[in-house]
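S.K.: 3D, please:
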Amino acid sequence: MVDAKLQKPLLDSSHGWDDEVASQVAFSHSSPKNNDLNLYLTYESDILKLQDPSTGHVVDRINVNDIIGVEIEFCLDEKDKETCTTRSAVKGIQGQENMEALENNIGKKMIDSSSNASDRGAAICPSWEGGATAYLNIYAYPRALPRRGIFQQVKECFTNGGNESIDDDEYISDPDILGHRFEKHRRYKLQPTEDFDKASTLVKSIRHVSGLHAKSRRYLVVVNPFSGRKTGRETYENIVKKMLNESHSNHDVLITKRAGHAIERMMEKNGDALVTAEEKDIAEYDGIIAMGGDGILAEILEGLKKRRDYDSIVQKLTFGIVGCGTSNGLAASILHAAKEKYSQLESAFIICKGRSSELDLSHYETENKTYTSFLTYSWAMISDIDIESEIIRFMGILRNDIWAVWRVINLRTYRGKFSFLRIDKMKPGDKVKNNFPAFNEEVPSNWLTIEENFILFWASQVSHASITTFQSPDSDLNDGIFNILVIRKPCSRLEIVKILLGLEHGSHVKNAKAEIFPCVAFRMDPISRGSQNDLDGEVVESGRIQGRIESFGIKIFA
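M.R.: Prediction:
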């Protein structure tokens, strides 16, 4: 079992929130009553407020947990975007060391323009024609608020009409009430200044309280353009690429061209053969982002296993997944653990925030092969549904529902011998590997064995097998446990239907016919002929199979 502690990004501890610095960085605000209004940022209890210190009036409010990136944008000519450049305050961003001269130039232009504008009686605001301008850009993706009823909207119209302030109850922490995340960026104009050091310090402070990386990161994005509805490339261009840039995460991209392409890319590179930056060795990256179905991550891990430095490389890398396949079980499980709604934007958001956790891996053996898994193993009904429904794959995830109806009507049972090791049957401090038998040996005496006619057998390491299948509510990403769902004969078709319908929301666990066996290792010996083994959605060698939780896992963005 692996350490279940959440790992936060490496932060620059020297730049916590500094009220004194924040009080010296002014932002301009156009108001019908006062064109000469200076606003300042304050921070308290995870909330950034843009407010007028003289009246306490709050113009804007941002939850720092929604922020993925912060930068200062400089424009020599506001009307010409080609004169604009940015400074992120993230260590290691390319060209960072050349910013000082530009800042001084812009600062002088802003002050000169400010003096000219004051002589004409104009407002002191960095937006004059031909003048220099600086902005603070904050990239945020808040959760949508619950929809208000008509009576609530009418009440707010009378009680808060015309007031620009935002109520404190706008920020609701209950994730079940809030909706999907959406883009809501801020672009605040800085008041004229020659000294950008304090503004840069403020940017570092915002990054720190937002829990963002203090150093730039480099990722390899692996996109399977053929997975699911073939939207991988489009999702990368429209969502992932944009958000990685906003979070100042450097990245290269690989669009796979064939099955096994990701495996090849993960293998060690001969330095003399490198031609382009896109072919850098994987050891030069901080993380790998997989875009496709669950199989793309399986390919990546398979390729890494062929490396001589596998043990060290998996400790260095952090893995992310943006579901672009049919089922997307791992992406759904990660978002469920993070209490986020399911969408590709939410997956990209978690990656950009940079926090990581451990994901359990498991080791499986058949007669001639070994496998590494991170999702589920199924036998009997579920494997039949997954494998046989391939003939209607064009129907997407609906194919599973259609074939489930067919399998209930034409019900099959399989006789098998199920042996398993519960964690309470191990000696304190003992390792699972020490209690795991060789493939052709009998199971140890501390294992339990059940020989029955099985209708369904489903071993899970994660909560979701697909976006709409919540088959294992008790599973965590790193609890070191298989939760095995079993339906044994006799069980009526009506009860089977009730269990299958309950899989969407996890209510099936309340049915007495749906038995759950938590364990750290197991073996399935099929006795009946014709059964199939399905591991992480892929057909594997039939016959006896045994699996155990590995003593180590991988880091994932979660």
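S.K.: Could you list the buried residues of the helix or strand hosting Thr449?
M.R.: Element membership for Thr449 (DSSP states H and E) is strand 448-460. Of all the residues in strand 448-460, those buried under the rule 16 or more other C-beta atoms under 10 Å are 452, 454-460. From N, CA and C alone the C-beta is placed, and that goes for glycine too.
S.K.: Looking at stretch 393-401 now, give me its mean pLDDT.
M.R.: Per-residue pLDDT values over stretch 393-401 give a mean of 86.
S.K.: I'd like the C-alpha coordinates of it written as PDB, please.
M.R.: What follows is stretch 393-401, C-alpha atoms only, in PDB (Å, rounded to 0.1, in the frame of the first residue of the first chain):
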ATOM      1  CA  ARG A 393     -18.600   0.000 -30.600                       C
ATOM      2  CA  PHE A 394     -19.900   2.700 -32.900                       C
ATOM      3  CA  MET A 395     -22.700   3.400 -30.400                       C
ATOM      4  CA  GLY A 396     -20.200   4.700 -27.800                       C
ATOM      5  CA  ILE A 397     -20.800   4.000 -24.100                       C
ATOM      6  CA  LEU A 398     -24.500   3.100 -24.800                       C
ATOM      7  CA  ARG A 399     -23.200  -0.200 -26.200                       C
ATOM      8  CA  ASN A 400     -22.600  -1.500 -22.600                       C
ATOM      9  CA  ASP A 401     -26.300  -0.800 -21.600                       C
END
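S.K.: Name the residues that touch that stretch?
M.R.: Contact with stretch 393-401 is made by 228-229, 326-327, 385-386, 389, 392, 402, 466-469, as judged by C-beta atoms under 8 Å, 6 or more residues apart in numbering.
S.K.: Kindly reformat the residues you listed as a markdown table containing neighbour count and distance to Leu335.
M.R.: Below are the contacts of stretch 393-401 laid out as a markdown table (neighbours: other C-beta atoms under 10 Å; distance: C-beta to C-beta, whole Å):
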| residue | neighbour count | distance to Leu335 |
| --- | --- | --- |
| Gly228 | 18 | 17 |
| Arg229 | 10 | 19 |
| Thr326 | 22 | 17 |
| Ser327 | 25 | 14 |
| Ile385 | 23 | 24 |
| Asp386 | 22 | 22 |
| Ser389 | 19 | 25 |
| Ile392 | 13 | 27 |
| Ile402 | 12 | 26 |
| Ser466 | 25 | 13 |
| Ile467 | 19 | 9 |
| Thr468 | 17 | 13 |
| Thr469 | 22 | 14 |
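S.K.: now for these, which pair is the farthest apart?
M.R.: Using C-beta to C-beta, the two most remote members of those are Arg229 and Ile385, lying 20.3 Å apart.
S.K.: ok so, going back, show me how far the strand holding Thr449 is from its chain's centre.
M.R.: From the chain centre to the centre of strand 448-460 is a distance of 33 Å (C-alpha atoms, centre = their mean, to the nearest Å).
S.K.: quick one: the helices in the stretch 201-350 of the chain?
M.R.: Along the stretch 201-350 of the chain, counting by DSSP state H, counting those that start in this stretch, helices occupy 232-235, 241-246, 261-266, 294-305, 310-316, 329-337, 344-353.
S.K.: Can you name every helix or strand that the last one contacts?
M.R.: Here helix 344-353 is seen to pack against strand 67-75, helix 241-246, strand 318-323, helix 329-337, strand 545-557 when contacts are counted using 3 or more C-beta pairs under 8 Å, 6 or more residues apart in numbering; DSSP states H and E.
S.K.: Kindly report the same for the fourth one.
M.R.: For helix 294-305, the contact count by 3+ C-beta pairs under 8 Å, 6+ apart identifies helix 261-266, strand 287-292, helix 310-316, strand 318-323, helix 329-337, strand 370-373 as packing neighbours.
S.K.: Against Tyr219, how distant is Asp479?
M.R.: Distance from Asp479 to Tyr219, counting by C-beta to C-beta, to the nearest Å: 27 Å.
S.K.: Between those two, which is the more surrounded one?
M.R.: A direct count of neighbours by other C-beta atoms under 10 Å for Asp479 and Tyr219 places Tyr219 higher, at 23 against 16.
S.K.: Can you spell out which residues form a bridge with that one?
M.R.: Bridge pairing for Tyr219 (DSSP bridges) gives the partners His251, Gly287.
S.K.: ok, it - contacts?
M.R.: For Tyr219, the contacting residues are 244, 249-252, 285-289, 320, by C-beta under 8 Å, 6+ apart.
S.K.: Of the residues you listed, just the buried ones, PyMOL syntax please.
M.R.: In PyMOL, this line selects whichever of those come out buried by 16+ other C-beta under 10 Å:
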select buried, resi 244+249+250+251+252+285+286+287+288+289+320
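S.K.: which one of the contacts of Tyr219 is nearest Glu538?
M.R.: Nearest to Glu538 among those is Ile288, at 19.9 Å by C-beta to C-beta.
S.K.: I'd assumed Glu299 was in contact with the closest one.
M.R.: No - applying C-beta atoms under 8 Å as the test, Ile288 and Glu299 come out as separate, 11.0 Å apart.
S.K.: I'd like the next helix or strand past the worst-scoring helix or strand of the chain on mean pLDDT.
M.R.: Sorting the helices and strands of the chain by mean pLDDT, DSSP states H and E puts helix 99-119 at the bottom, at a mean of 47. Moving toward the C-terminus from helix 99-119, the next helix or strand (DSSP H and E) is strand 133-140.
S.K.: Alpha carbons only: can I get that following strand in PDB?
M.R.: The C-alpha trace of strand 133-140 is given here as PDB (Å, rounded to 0.1, in the frame of the first residue of the first chain):
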ATOM      1  CA  THR A 133      -0.200  50.000 -20.100                       C
ATOM      2  CA  ALA A 134       0.300  47.200 -17.600                       C
ATOM      3  CA  TYR A 135      -2.200  44.600 -16.500                       C
ATOM      4  CA  LEU A 136      -2.500  41.900 -13.800                       C
ATOM      5  CA  ASN A 137      -4.000  38.900 -15.500                       C
ATOM      6  CA  ILE A 138      -5.500  36.200 -13.200                       C
ATOM      7  CA  TYR A 139      -6.700  33.000 -14.800                       C
ATOM      8  CA  ALA A 140      -9.500  31.500 -12.800                       C
END
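S.K.: Give me the angle between that strand and strand 67-75.
M.R.: 170 degrees (axes from the mean of the first three to the mean of the last three C-alpha atoms, to 10 degrees).
S.K.: got a list of contacts for strand 133-140?
M.R.: Here strand 133-140 has contacts from 27, 48, 62-63, 66-75, 78, 86, 106, 110, 126-127, 184-190, 193, 196, 199, 202-203, 206, 243, 246-247, using C-beta under 8 Å, 6+ apart.
S.K.: Could you turn the buried ones of the residues you listed into a PyMOL selection?
M.R.: With 16+ other C-beta under 10 Å as the criterion, this PyMOL line picks the buried residues out of the contacts of strand 133-140:
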select buried, resi 27+48+62+63+66+67+68+69+70+71+72+73+74+75+78+106+110+126+186+188+189+190+193+196+199+202+203+206+243+246+247
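S.K.: buried stuff in stretch 428-444?
M.R.: Within stretch 428-444, the residues scored as buried using 16+ other C-beta under 10 Å are 432, 435-437, 443.
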